[in-house]
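Asks: I'd like to go over a predicted model; first the sequence, then the structure.
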Amino acid sequence: MKIKLTLLILLISLKIFAQQRVYYPFAIGGLYGIVDNKGNEILPPSYVEELSSNINYYSDYIVLDSKSNNVLLFNKYTGKQENLEYLNNQYSIEINDKKYLYGYNKTMAFLMNNSELDERLSLSKKYKNFEQIEKVYLGYLAINNEYSVVDIYLGNDLILKLSNQEIKNIYAYQMVKNGGFIYCLVDKDKTTYYDENFKVISTINEEHTTYEQSQKYLLEKKSIEINSGESSGGMNLKGYKVIYPHIEKSKNNNSKYVTIDLVQSYSENFPLFRFKWNTNESTSFFISSQVNRIEGSFTKESSKVQILFYVDPVNKNVLLPVKYQKLIDLEFFEHHKSTEKVDGSYAN
């Protein structure tokens, strides 16, 4: 019995250890790399963009983009890496109450779970983009200024309804009577209306591009009343509660340096370190106390991120390699000399 209990405790301990975050992104001079939780450089700053802060915050992965057909997925806990050719991080696709992102690698295209990136739904083609409008999904085969060529899927099972369809635009209007949707596909000198099962309701040789045009036509021809404004999908972000200890920007700063405080409780804090940063109108600066992340950019360079790093407030470590700390004149205050850990839990 004692052996079984010991093994159980060991397995629980290993599971907890395995889930401790190890890797973090950092940026210096506008380029991104990856560092471990000891401050060691794992990947040098060579990527030009952190593709999705939403993914980096809420999934197990860091996502960096090189802008040369190379999107890097890097597991925060295991260090597992994968390269993609494309990942759309602008909006999510919702299927069965889960949110997915469209992407592809050299061999296949897929919808990737926004939080569990290993969970994927395979697609039959590599599309230039993939979008959602209510319960309809569009795979773009070609995109130009006048029209697009799309495959149109319906529902959570992604049933293909139309292939290689040329459209100028598509709208979804909600019906007043039953809350279902009417889909309006606009092509050159032609508009086709579909019901929520994507069966044709009516076709007219005109381009209906406004709510007023669609409402007038549907009322006259089909006695269907629709709500004003077209509908589309969107992305919902999750929230975080405050965890102690965490970092905050100190109230005691000057025009050349930013001081970062370690906040141990609601009423207890002290300055942990400072670094050189010109706090004038041409710069922006942001600290996320929830995940202990610091980033700053120059607005004159289109808000390009110039610095980014995380802080481990429990161990009082800056997760930026020392050679880059020197570039921003980062220096710790006397409190940092203490080897004691601060009580509390570190947000992943």
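Replies: Structure's in. What do you need?
Asks: nearest spatial neighbour of Leu185, skipping sequence neighbours?
Replies: Spatially, and ignoring its direct neighbours in sequence, Leu185 is nearest to Thr192 (4.8 Å; CB to CB, 6 or more residues apart in numbering). Where you see a C-beta, it was placed from the backbone N, CA and C, and this is true even at glycine.
Asks: For this protein, give me the ranges with low pLDDT.
Replies: 1-19, 52-54, 69, 229-242, 279-282, 298-305, 335-348 (pLDDT under 70).
Asks: circling back to that earlier point, who's in contact with the residue nearest to Leu185?
Replies: Counting by CB atoms under 8 Å, 6 or more residues apart in numbering, Thr192 touches 184-185, 200, 202-203.
Asks: CSV for the residues you listed, including distance to Pro45, neighbour count and secondary structure?
Replies: Formatted as CSV, the contacts of Thr192 follow (distance: CB to CB, whole Å; neighbours: other CB atoms under 10 Å; DSSP: H, G, I helix; E, B strand; the rest coil):
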residue, distance to Pro45, neighbour count, secondary structure
Cys184, 47, 24, strand
Leu185, 46, 24, strand
Val200, 54, 10, strand
Ser202, 57, 14, strand
Thr203, 55, 13, strand
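Asks: ok, so of those residues, who is nearest Leu73?
Replies: Nearest to Leu73 among the contacts of Thr192, counting by CB to CB, is Leu185 at 34.9 Å.
Asks: hang on, the earlier thing: now the contacts of Thr192 as TSV including distance to Asn40?
Replies: Formatted as TSV, the contacts of Thr192 follow (distance: CB to CB, whole Å):
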residue	distance to Asn40
Cys184	55
Leu185	54
Val200	61
Ser202	65
Thr203	63
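Asks: Tell me the bridge partners for the residue nearest to Leu185.
Replies: Judged by DSSP bridges, the bridge partners of Thr192 are Leu185, Thr203.
Asks: now the helices for the stretch 151-300 of the chain?
Replies: 211-222 (DSSP state H, counting those that start in this stretch).
Asks: Please name the bridge partners of Ile62.
Replies: Beta-bridge partners of Ile62, as defined by DSSP bridges: Phe74.
Asks: okay, now it: neighbour count?
Replies: 23 (other CB atoms under 10 Å).
Asks: That one contacts Tyr23, correct?
Replies: Yes - here Ile62 lies in contact with Tyr23, judged by CB atoms under 8 Å, at a distance of 6.5 Å.
Asks: overlap in contacts of the two?
Replies: With CB under 8 Å, 6+ apart, Ile62 and Tyr23 have common neighbours 34, 74-76.
Asks: Distance-wise, check the spatially closest residue to Gln20 that is not a sequence neighbour relative to Tyr100.
Replies: Using CB to CB, 6+ apart and skipping the chain neighbours, the partner closest in space to Gln20 is Tyr77 (7.2 Å). Distance check for Tyr77 against Tyr100: by CB to CB, to the nearest Å, it reads 21 Å.
Asks: and these two? which has more neighbours close in?
Replies: Between Tyr77 and Tyr100, counted using other CB under 10 Å, Tyr100 has the larger neighbour count: 22 against 14.
Asks: and that one, what helix or strand is that in?
Replies: Secondary structure assignment for Tyr100, by DSSP states H and E: strand 98-104.
Asks: Show me what that strand is packed against.
Replies: strand 86-87, strand 93-95, strand 109-113 (3 or more CB pairs under 8 Å, 6 or more residues apart in numbering; DSSP states H and E).
Asks: Just put the ones you listed in CSV and tack on distance to Pro313 and mean neighbour count.
Replies: CSV is the format used below for the helices and strands packed on strand 98-104 (distance: least, CB to CB, whole Å; neighbours: other CB atoms under 10 Å):
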stretch, distance to Pro313, mean neighbour count
strand 86-87, 31, 18
strand 93-95, 35, 19
strand 109-113, 30, 21
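Asks: Can you add distance to Leu138 and give these back as JSON lines?
Replies: Converted to JSON lines, these look like this (distance: least, CB to CB, whole Å):
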{"stretch": "strand 86-87", "distance to Leu138": "16"}
{"stretch": "strand 93-95", "distance to Leu138": "10"}
{"stretch": "strand 109-113", "distance to Leu138": "13"}
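Asks: Let me know which of those is the nearest to Asn145.
Replies: strand 86-87 (21.3 Å).
Asks: Give me the contacts around the closest one.
Replies: 51-52, 63, 65, 69, 71, 101-104, 112.
Asks: Got a quick ChimeraX command for the buried subset of those?
Replies: Per 16 or more other CB atoms under 10 Å, the buried members of the contacts of strand 86-87 correspond to this ChimeraX selection:
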select :51,52,63,65,71,101,102,103,104,112
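Asks: Nearest to Asp151 among the contacts of strand 86-87?
Replies: Nearest member of the contacts of strand 86-87 to Asp151, counting by CB to CB, is Tyr102, at 12.8 Å.
Asks: what's the burial count for Gln20?
Replies: Gln20: 11 neighbours (other CB under 10 Å).
Asks: that older thread, taking the shared contacts of Ile62 and Tyr23 together, which two end up most distant?
Replies: Ile34 and Asn75 (10.6 Å).
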